[in-house]
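Engineer: the following comprises the amino acid sequence and a computationally predicted model.
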Amino acid sequence: MANLLEIDSSPRVNSVSTRLARVFVARWQVANPAGRVVRRNTSEEKLPYLDAGLVEAFFCPEQERSVEQRRSLELSDRLVDELLATDVLVIAAPMWNFGVPASLKAWIDLVVRPWRTFELTAEGVRGLVPPGKRVFVFTARGGSYGAESKYGELDFQEPYLRALFASLGMVDVRFVHAEQQHHAGGESMRRALEKIEALEI
Ligand SMILES: Cc1cc2nc3c(=O)[nH]c(=O)nc-3n(C[C@H](O)[C@H](O)[C@H](O)COP(=O)(O)O)c2cc1C
């Protein structure tokens, strides 16, 4: 049975990024009728930011952790388990201040875990997420950041998320951006929906 994990991050009821993710997931469910979907919205969950105790617990070898440190890692462990158990990861992200919302970053900070999803070696960072997982990222932006745009270099979402997932060993990453959300017409939404239709499930 295939698993899909959908991480939404917009707090908006009419979120464009969430809508795109839902359209994709509905297609995936048709192709995988027995598939299991786990859904989270980071803007609703109020995930904790890493504090001194959590950072220390992250980097403390498992056999040396105190009971309190183990307890403090329970949420992070659960989120990592979810990520490792999934075949397909779907991220829905509005562009906020050229990047991803802080609540999505909070989820990221909890799943990027030494010895669980990455390790530091003499050669650098090595991803520990088993190969074969596919990642689909759906973003919505007010502006336009494509190659033809003079603002292209301000897209800190796609390069950031590509680098991040690559560091965990996840290199099969597809993006669909719905841009110019502040312009009337819905043209970019139509194009984004077409791209979703063309994605190989
Ligand atoms: C706090 C905030 C920051 C934003 N920053 C940007 C930005 O840097 N660049 C941009 O193109 N649009 C920006 N926008 C516009 C959103 O990306 C746009 O409204 C998008 O549709 C939001 O996604 P959602 O519909 O999934 O919530 C911002 C909107 C908000 C509320």
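Structural biologist: Good, I have the coordinates. These numbers were taken from a predicted model, which means no experiment stands behind them. Numbering: from 1, shown residues only.

Engineer: when you work out contacts or count neighbours from here on, use the C-alpha atoms and nothing else.
Structural biologist: Will do.

Engineer: helix, strand or coil: sort out residue 57 for me.
Structural biologist: Taken by DSSP: H, G, I helix; E, B strand; the rest coil, the conformation at residue 57 corresponds to helix.

Engineer: what sits against the residue nearest to it when sequence neighbours are not counted?
Structural biologist: For residue 57, the nearest residue in space outside its immediate sequence neighbours is residue 69; the separation is 5.4 Å by C-alpha to C-alpha, 6 or more residues apart in numbering. Under the criterion of C-alpha atoms under 8 Å, 6 or more residues apart in numbering, the contact list for residue 69 reads 53-54, 57.

Engineer: equivalent analysis for residue 105, please.
Structural biologist: Under the criterion of C-alpha under 8 Å, 6+ apart, residue 105 has no contact partners.

Engineer: any buried residues in the host helix or strand of it, and which?
Structural biologist: Element membership for residue 105, per DSSP states H and E: helix 102-111. Residues of helix 102-111 classed as buried: 103-111 (neighbour count, 16 or more other C-alpha atoms under 10 Å).

Engineer: likewise stretch 149-168?
Structural biologist: Neighbour-count burial for stretch 149-168, with 16+ other C-alpha under 10 Å as criterion, is recorded at 155-158, 161-162, 164-168.

Engineer: so which of those are in helices?
Structural biologist: Residues from those lying in helices, with DSSP state H as the criterion: 158, 161-162, 164-168.

Engineer: touching the ligand at all, the longest helix seen in the chain?
Structural biologist: For the chain, the longest helix by residue count, based on DSSP H, is helix 16-31. Yes - judged by C-alpha under 6 Å from any ligand atom, helix 16-31 and the ligand are in contact via 16-18.

Engineer: now the angle from the very next helix or strand once past that helix to helix 16-31?
Structural biologist: Beyond helix 16-31 on the C-terminal side, the first helix or strand identified by DSSP H and E is strand 36-41. Taking axes from the mean of the first three to the mean of the last three C-alpha atoms, to 10 degrees, one finds strand 36-41 and helix 16-31 inclined to each other by 170 degrees.

Engineer: quick revisit: just the closest of the ones in helices among the buried residues of stretch 149-168 to the ligand, please.
Structural biologist: Nearest to the ligand out of those is residue 158 (C-alpha to the nearest ligand atom; 12.8 Å).
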